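>>> kindly generate the corresponding structure for this input.
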Amino acid sequence: MLAGLTTVVDPAEITAVVNTGDDLVLHGLHISPDIDSVTYALAGLDNKATGWGVAHETWTVSENLKALGGVSWFQLGDRDLATHLFRTQRLAEGATLSEVTAELTAARGVGVRLVPMTDDPVRTRVTLVEPPAGEDAEVAFQDYFVRLGHAVAVTSVRFVGAEEARAAPGVLDAIGDAELVICCPSNPIVSIGPILAVPGIRQALQARRDSVVAVSPIVAGRALKGPADRLLRELGHEANALGVARLYAPWVGTLVIDDADEAFASGIEALGMRCVVTPAVMSDPVRATNLAKAVVNAL
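Numbers count the residues shown, from 1 in each chain. Below is the predicted model:
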């Protein structure tokens, strides 16, 4: 979505507020998967073969760590490691996550302004319906998502530290001053949810509701990537565009849905939202650009 937006809007005019609930410390390194994925994608460095990490990656360190019996379920490529080493060093020197993110995006030539939702630690925790043998009932997000392959049912999700966190510098101003606020088609529970849990952000969005446009991440009852559809069902929501609308209605004024879900348009509008029906599957850059145009023109 962001890559498409940069083709129709000057990247310098875009601020992206990114989830940090997925962050973790591993091998003594501070890893921010969502920030890094967005950075690599906007820099044209994303690994399309894996869907995560850096293009043209090598795995020498990871392979040797595994041979030594170290923790290897969360794979870090050699080029990706450089990012985490830099971030960890700068945080240890007293820089904030916002400052480090700005330094990393500048070094990668990213024109979009990337801002973490908060500089304070917020961690997504997932409670499993039936934990595998030897597993705690509640696990960290990356344990659920990567180590367990998000293949286990979930009974609840919480965001540890969110209540005490403060929105990172610039987040609330960006929401308040933006001509248009766009909620990208990310997982409503574990990608958008942590951002909304930071005090002040949901309220800022509610105040701008008429200028907020969201893109449904569920198309024809399925998530195009990841476990969003299963998480919605497991947590008692409808895994379709209308279910997304019910979650977003308090702070989203317009919902963009795919042609396949046109039958839900009247139900979405009954919630007091505008509904835009357009091809919403970004299977190539041209489709991403077309969707970005539809979103920008949605109001």
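
>>> which SS class is Val244?
Of the three states, Val244 takes helix under DSSP: H, G, I helix; E, B strand; the rest coil.

>>> how about it: what's its closest non-neighbour residue?
Ser216 (4.7 Å; CB to CB, 6 or more residues apart in numbering). Any C-beta I mention is one placed from the backbone N, CA and C, and that applies to glycine too.

>>> and the closest residue to His150 other than its chain neighbours, what does it touch?
Once flanking residues are discounted, His150 sits nearest to Pro227: 4.3 Å by CB to CB, 6+ apart. Pro227 is in contact with 145, 150, 187, counting by CB atoms under 8 Å, 6 or more residues apart in numbering.

>>> now the helices: where do they sit in the stretch 101-250 of the chain?
141-142, 171-177, 193-197, 201-207, 228-234, 241-248 (DSSP state H, counting those that start in this stretch).

>>> who are the packing partners of the first one?
Looking back up the chat, that one is helix 141-142. strand 123-128 (3 or more CB pairs under 8 Å, 6 or more residues apart in numbering; DSSP states H and E).

>>> now do the contacts for Lys48.
Here Lys48 is in contact with Ala55 (criterion: CB under 8 Å, 6+ apart).

>>> can you report phi and psi for it?
Here is the backbone geometry of Lys48 (degrees, to the nearest 10): phi -70, psi -20.

>>> tell me which helix or strand Thr88 sits in.
Using DSSP states H and E, the element containing Thr88 is helix 78-92.

>>> pull out the buried positions in that helix.
79-81, 83-84, 87-88, 90-91 (16 or more other CB atoms under 10 Å).

>>> secondary structure class for Phe264?
Phe264 ends up helix, using three-state DSSP.

>>> that one reaches Leu242, doesn't it?
Yes - judged on CB atoms under 8 Å, Phe264 makes contact with Leu242 at a distance of 4.5 Å.

>>> of the contacts of Pro227, closest to Ser98?
Of all these, Ser98 sits closest to Asn187, with 23.0 Å by CB to CB.

>>> isn't the closest one right up against Arg230?
No - contact criterion CB under 8 Å: Asn187 and Arg230 do not qualify, at 10.4 Å.

>>> what touches both of these two?
With CB under 8 Å, 6+ apart as the test, Asn187 and Arg230 both reach Ala223.

>>> more crowded one of those two?
Asn187 (20 against 16; other CB atoms under 10 Å).

>>> picking up where we left off before, pLDDT score assigned to the residue nearest to Val244?
Turning to Ser216, the model gives it a pLDDT of 97.

>>> for it, grab phi and psi.
phi -70, psi 130.

>>> now do Thr60
Dihedral pair for Thr60: phi -60, psi -50, per degrees, to the nearest 10.

>>> report the separation between Thr127 and Glu234.
Per CB to CB, to the nearest Å, Thr127 is found 10 Å from Glu234.

>>> between the two, which contacts overlap?
By CB under 8 Å, 6+ apart, the residues touching both Thr127 and Glu234 are 154-155.

>>> looking at these two, which one has more neighbours?
Using other CB under 10 Å, the more surrounded residue of Thr127 and Glu234 is Glu234, with 18 against 15.

>>> need the contact list for the more buried one.
129, 153-155.

>>> whichever of those end up buried, select them in ChimeraX.
The following ChimeraX line selects those of those that are buried, judged by 16+ other CB under 10 Å:
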select :154
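
>>> now tabulate the contacts of Glu234 in CSV and tack on distance to Asp22.
What follows is those, written out as CSV (distance: CB to CB, whole Å):
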residue, distance to Asp22
Val129, 21
Ala153, 20
Val154, 15
Thr155, 20
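
>>> which one of the contacts of Glu234 is nearest Pro11?
For these, the nearest to Pro11 is Val154 (35.9 Å; CB to CB).

>>> just checking, that closest one touches Pro131?
No - judged on CB under 8 Å, Val154 makes no contact with Pro131 at a distance of 10.9 Å.

>>> name the residues that touch stretch 158-176?
15, 17, 21, 96-98, 113, 115-125, 127, 181, 193-194, 197-201, 204-205, 207-208.

>>> CA atoms of it as CSV?
Written as CSV, here are the backbone C-alpha positions of stretch 158-176 (Å, rounded to 0.1, in the frame of the first residue of the first chain):
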residue,chain,number,x,y,z
ARG,A,158,-3.1,-8.1,24.9
PHE,A,159,-0.6,-5.4,24.5
VAL,A,160,1.7,-5.2,27.5
GLY,A,161,2.9,-1.8,28.4
ALA,A,162,0.4,0.0,26.1
GLU,A,163,-1.4,1.8,28.9
GLU,A,164,1.8,3.4,30.2
ALA,A,165,3.1,4.2,26.7
ARG,A,166,3.1,7.6,25.0
ALA,A,167,2.7,8.2,21.3
ALA,A,168,6.1,8.8,19.7
PRO,A,169,6.9,12.4,18.9
GLY,A,170,5.1,13.5,15.7
VAL,A,171,2.4,10.7,15.7
LEU,A,172,-0.5,12.7,17.1
ASP,A,173,0.5,15.8,15.1
ALA,A,174,0.7,13.7,11.9
ILE,A,175,-2.8,12.4,12.5
GLY,A,176,-4.2,15.8,13.4
